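Peer 1: sequence plus the predicted model coming up.
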Protein chains: 2
Amino acid sequence: MSALVSLESIQDAAERIRGYALRTPLMVSPWEGLSLKPESLQPVGSFKIRGATTAITRLAPEARQRGIVAMSSGNHAQAVAYVARSLGIAAHIFIPDNAPARKIEATRALGAVVEVVPPEEQYSRPEEFARETGKTLIPPFENLDVISGQGTIGVEIAADDPGISTILVPVAGGGLIAGIAAAAAALLPNARVIGVEPELAADAAESLHTGALRAWAAQETARTIADGLRTASLGEMAWPHVKAYVHDILTVTEDEIEDATRRLAVEARLLAEPSGAVTTAAYLHRRRELPAGRAVAVVSGGNIDPAFLSGLVADAEKVPRNTPAGACP
Amino acid sequence: MSALVSLESIQDAAERIRGYALRTPLMVSPWEGLSLKPESLQPVGSFKIRGATTAITRLAPEARQRGIVAMSSGNHAQAVAYVARSLGIAAHIFIPDNAPARKIEATRALGAVVEVVPPEEQYSRPEEFARETGKTLIPPFENLDVISGQGTIGVEIAADDPGISTILVPVAGGGLIAGIAAAAAALLPNARVIGVEPELAADAAESLHTGALRAWAAQETARTIADGLRTASLGEMAWPHVKAYVHDILTVTEDEIEDATRRLAVEARLLAEPSGAVTTAAYLHRRRELPAGRAVAVVSGGNIDPAFLSGLVADAEKVPRNTPAGACP
């Protein structure tokens, strides 16, 4: 089966997320021709709230009452916990025990029951728990409701800049790009949707270029600083969307990701986590590979480690600037 | 004469700024009951683009052709240069020679002719130059067009949260709070508009509390890190608006300003310059002095010095958190 999300489903999601997710604007960037879609400004700091809200609000009343389950140490877990709290739904979140204590505390403070598990049980344990308890598992990307929720970004871009040529989207499990590309195929037929991955976690680029779904080993993808993009492969539900709707997937180097993260902060005054900065990196460093015309970079999240940010912007003076927009004393 | 800007003028400004200024959303903050109006996301990083666009687009064609003049080393100069470039108008900007080289370069790179002058001539020289050349001076706050442009923030807040109780606004020359308070008086009659100043530059608080316009000496106001709020006094055009429409002006300490700047970055993922963070500082540290109900903090600008930001967020681990929203690895 290769079901694709419909425009109707994405438009329904756009109604559902109102009041939960922020309707992010398109920001003018300091770089000619590029605008930014700052999902870093969402509650809990990433686009994940769109998919989580869509999936959770589509649950039947009985399912809501039984509660929900999610696993992740990252942005998805916090988005699920945040939405569940807003709706008064019990959330049980599994987090691998190698996650930073701070993330565990953060998810707990959002009102979720957090269960810390060994990394090797992080996928089996939640599924087992959901079966045993009748609670509904809300997966980070292997779910068409989640994909349609992420697609609301495409609806907003189409409304704000109908003449856009290129949409740059970070790629991990593929839920984000699947939804956006499905929306763009319907609403922006002349735009190209281009994924961006770290060179060190380029499984989706390899999949798209070979035509077969590839996975990379965890020890390979673990090398990138873009920790949100270390997923082994595209999800099986995202993959048909990527094949049908995505025009290309580019890769960027670690230096380019760092440079873009720094320049977003210093020149565009936008805090992005490295995973959210890969699209700006592609625009700044791969521009000759992009179509002519205006582009938008989806800045998917802003949960950057303060110590990393501190080191990064301390070097700002060394960076050559092509525009003055980040002019600070 | 104590002319006050009308709602009609502010609504006209709201039409004029479309396509130049960003229609900023109200962000949910990590602090219960507070939302943020992130003017830091504007092109060139501050609300100043609203007033500059309004004043410049209201010029007659002949005046546009003769060109415009502004003075400032800060956000207003860059906003004027940016808007002038967008409209194809020649801009001549005077900057005091004690301004950082970086700011001079930034304004020049926006296409303006920059003239560096001794600080003692920074006000007289531009006025003289404007008289001699027939160019129009666009002042940072002593201008009703500029005030009505800043007031568009009030129109947007009224549209996005008509039930808001409190609007917190940074105060320097008073153009920003004058415009917002005039809009709120018409559109949000139940909301309180409360100004915020550094304790070390509390001339406006003193003026409002004594009922007479007071000025503070430059060597006094120079002590605050909120460099955008070092203006000696409210402007004479802002003052009647403040008397008529502003409910109170609170002050915050330097430590509170630093703490709020850090927490905006680390917990709310928003880069604010210290002048833009005073309103969040008031919410976090003066909450008992605020009315009950929801508040919005106007985060007026994001042009923070990278070295200062680096030092600030390096200390993030030491700061106690009241919510987990800034959860980073």
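Peer 2: Sure, I can see it.

Peer 1: going forward, measure contacts and count neighbours with C-alpha atoms only.
Peer 2: Fine.

Peer 1: which residues in the stretch 101-250 of chain A form helices?
Peer 2: A:101-109, A:124-133, A:144-150, A:152-160, A:175-187, A:203-210, A:218-221, A:238-245 (DSSP state H, counting those that start in this stretch).

Peer 1: helix, strand or coil: sort out the nearest residue to A:Asp227 once chain neighbours are set aside for me.
Peer 2: In space, A:Asp227 comes closest to A:Ser275 once its chain neighbours are excluded; the distance is 6.5 Å by CA to CA, 6 or more residues apart in numbering or on different chains. Here A:Ser275 is recorded as helix under DSSP: H, G, I helix; E, B strand; the rest coil.

Peer 1: re earlier: dump the helices of the stretch 101-250 of chain A to JSON lines, plus distance to chain B.
Peer 2: JSON lines is the format used below for those (distance: least, CA to the nearest CA, whole Å):
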{"stretch": "helix A:101-109", "distance to chain B": "4"}
{"stretch": "helix A:124-133", "distance to chain B": "22"}
{"stretch": "helix A:144-150", "distance to chain B": "19"}
{"stretch": "helix A:152-160", "distance to chain B": "11"}
{"stretch": "helix A:175-187", "distance to chain B": "21"}
{"stretch": "helix A:203-210", "distance to chain B": "24"}
{"stretch": "helix A:218-221", "distance to chain B": "17"}
{"stretch": "helix A:238-245", "distance to chain B": "27"}
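
Peer 1: figure out which of the ones you listed is closest to B:Ala90.
Peer 2: Smallest distance to B:Ala90 across those (CA to CA): 29.7 Å, for helix A:152-160.

Peer 1: in the closest one, which residues are buried?
Peer 2: Buried residues in helix A:152-160, counted by 16 or more other CA atoms under 10 Å in any protein chain shown: A:152-158.

Peer 1: in a markdown table: the residues you listed, plus pLDDT.
Peer 2: As requested, the buried residues of helix A:152-160 are arranged in a markdown table below (pLDDT from 0 to 100):
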| residue | pLDDT |
| --- | --- |
| A:Thr152 | 98 |
| A:Ile153 | 98 |
| A:Gly154 | 98 |
| A:Val155 | 98 |
| A:Glu156 | 98 |
| A:Ile157 | 98 |
| A:Ala158 | 98 |
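
Peer 1: and the helix or strand containing A:Ala260, what other elements does it pack with?
Peer 2: In the assignment (DSSP states H and E), A:Ala260 maps to helix A:254-266. Here helix A:254-266 touches helix A:274-285, helix A:306-314, going by 3 or more CA pairs under 8 Å, 6 or more residues apart in numbering or on different chains; DSSP states H and E.

Peer 1: please tabulate the buried residues of helix A:152-160 in TSV, including the columns distance to B:Ala182.
Peer 2: Below are the buried residues of helix A:152-160 laid out as TSV (distance: CA to CA, whole Å):
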residue	distance to B:Ala182
A:Thr152	36
A:Ile153	35
A:Gly154	37
A:Val155	35
A:Glu156	32
A:Ile157	33
A:Ala158	35
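
Peer 1: now, which of the residues you listed sits nearest A:Val28?
Peer 2: Once CA to CA is applied, the member of the buried residues of helix A:152-160 that ends up nearest A:Val28 is A:Ile157, at 13.2 Å.

Peer 1: excluding its backbone neighbours, what's nearest the closest one?
Peer 2: A:Leu26 (7.5 Å).

Peer 1: now swap in A:Arg192 and tell me
Peer 2: Spatial nearest neighbour of A:Arg192, chain neighbours left out: A:Thr166 (4.7 Å); criterion: CA to CA, 6+ apart.

Peer 1: that neighbour and A:Pro291 touch, don't they?
Peer 2: Yes - counting by CA atoms under 8 Å, A:Thr166 does reach A:Pro291; the two are 6.9 Å apart.
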